[in-house]
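K.L.:
Next one to model:
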Amino acid sequence: MKTLPPVEKPAYLLAFDFDGTLVNPDDRPPTPVEFFQLMQQLRESHQSLWGINTGRSLMQTMQGLSESAFPFLPDFIIAREREIYTPNNFGRWLPVSAWNKCCEKDHKKLFRKHRRAMKRMQQWVEQETAAVWGQQEGEPAGIVASTVEEMNLIVHWLEQQLLETPLLGYQRNGIYLRFSHQHYHKGSALAEVGRLSGVPAAKTFAIGDSHNDLDMLDVSLAAHIACPANACLEVKQRVADHGGYLAQGMAGQGVIEALQATFSKSQ
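P.N.:
Coordinates of the predicted model:
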């Protein structure tokens, strides 16, 4: 896969959550063909860049692009809600080194500092809930709850514990949670992409459906925010409260609807 023709001077930045927003594996195809046609049109008419802002790792995102039969690559991927990658001319994904190295360094330092506190959190989760506390490569800890209601309970308890652990935060997506540095999330990474591409928040569009999208659904970072009809209640409330677009369509159809509504206003 190759990218769309390069944009000499980008004017708009478009950021899409992946699972549940841009892609629904139950749909055929998982992402509507019309979405890719719209990306090509907006490239020509608005000099837009587009990318994926996801909780998936880079490898998981690449796999998702292949499984969903994307006809061309995005201009950027924000992986694990914080790492930034861009493709070269051969479609190979390269890290934005300065940002990613700083991100990794700050996370390692933070988790070393709070390892005792995290151990206490682990003990509570394992003793008081049916959730699973786990670790993966590159991640110090994560939680998988048995139900959304159980994760709501865990999050409520964690909020109190995190008052005593400066800069330690988390990213949640349904029943999944990963601990992270509070300065690195979908919003701050999107802001860095905007800075590097020279596109201001006033010309940035962001759409998502879950809790970990709330950081990028911030009108100080993306003036144009939206969510599909399948978004969680908290996301719908954020978008509504800040004058964003609540689509009637689910997942990819909602993305198309929101884009058409947003750019019809900009004509």
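K.L.:
Low-confidence stretches in this structure?
P.N.:
136-140, 266-267 (pLDDT under 70).
K.L.:
would you list every one of the strands in it?
P.N.:
12-16, 48-53, 76-79, 83-87, 93-95, 132-136, 139-144, 168-173, 176-181, 204-207, 224-227, 245-246 (DSSP state E).
K.L.:
Same list (those strands) but as TSV, adding distance to Leu4.
P.N.:
(Each C-beta comes from the backbone N, C-alpha and C, glycine too.) Converted to TSV, those look like this (distance: least, C-beta to C-beta, whole Å):
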stretch	distance to Leu4
strand 12-16	12
strand 48-53	8
strand 76-79	12
strand 83-87	11
strand 93-95	16
strand 132-136	33
strand 139-144	32
strand 168-173	28
strand 176-181	31
strand 204-207	16
strand 224-227	20
strand 245-246	24
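K.L.:
what's the closest of the ones you listed to Glu192?
P.N.:
Glu192 sits nearest to strand 83-87 of all the strands of the chain, at 6.3 Å, using C-beta to C-beta.
K.L.:
Quick check: buried residues in the closest one?
P.N.:
Buried residues in strand 83-87, counted by 16 or more other C-beta atoms under 10 Å: Glu83, Ile84, Tyr85, Thr86, Pro87.
K.L.:
Tell me the spacing between the fourth one and Ala201.
P.N.:
Taken as C-beta to C-beta, to the nearest Å, the spacing of Thr86 relative to Ala201 amounts to 20 Å.
K.L.:
Ok, the second one next?
P.N.:
Distance, Ile84 to Ala201, using C-beta to C-beta: 17 Å.
K.L.:
what about Gly55, neighbour count?
P.N.:
Residues lying near Gly55 (other C-beta atoms under 10 Å) number 24.
K.L.:
close enough to count as contact, it and Asn212?
P.N.:
Yes: between Gly55 and Asn212 there is a contact under C-beta atoms under 8 Å: 5.4 Å.
K.L.:
who touches both of those two?
P.N.:
Glu81, Gln171, Asn173 (C-beta atoms under 8 Å, 6 or more residues apart in numbering).
K.L.:
Filter these down to the buried ones, PyMOL style.
P.N.:
A single PyMOL command selects the buried members of the shared contacts of Gly55 and Asn212 (16+ other C-beta under 10 Å):
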select buried, resi 81+171+173
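K.L.:
So which bits of stretch 118-129 are buried?
P.N.:
Met118, Met121, Val125, Thr129.
K.L.:
right, and out of the buried residues of strand 83-87, which lies closest to Leu233?
P.N.:
Nearest to Leu233 among the buried residues of strand 83-87, with distances taken as C-beta to C-beta, is Glu83, at 28.5 Å.
K.L.:
Show the contacting residues for that closest one.
P.N.:
Leu58, Pro95, Trp99, Asn100, Cys103, Ala189.
K.L.:
6 Å instead?
P.N.:
Glu83 makes contact with Asn100, according to C-beta atoms under 6 Å, 6 or more residues apart in numbering.
K.L.:
and if you look at the one 4 residues further on?
P.N.:
With contact taken as C-beta under 6 Å, 6+ apart, Pro87 is in contact with Thr3, Leu73, Trp93.
K.L.:
of all those residues, which comes closest to Leu49?
P.N.:
Using C-beta to C-beta, Thr3 comes nearest to Leu49 of these, at 9.7 Å.
K.L.:
Can you give me the neighbour number for the closest one?
P.N.:
Neighbours around Thr3, by other C-beta under 10 Å: 19.
K.L.:
And for Asp241?
P.N.:
Neighbour tally, Asp241, other C-beta under 10 Å: 9.
K.L.:
Against Glu159, how distant is it?
P.N.:
20 Å.
K.L.:
domains for this protein, by residue range?
P.N.:
By the assignment in automatic domain parsing, the chain contains the domains 12-81+185-266, 108-181.
K.L.:
Give me the distance between the last one and the centre of its chain.
P.N.:
Counting by C-alpha atoms, centre = their mean, to the nearest Å, domain 108-181 is centred 19 Å from the centre of its parent chain.
K.L.:
ok, now the longest one?
P.N.:
For domain 12-81+185-266, the gap between its own C-alpha mean and the chain's C-alpha mean amounts to 8 Å (C-alpha atoms, centre = their mean).
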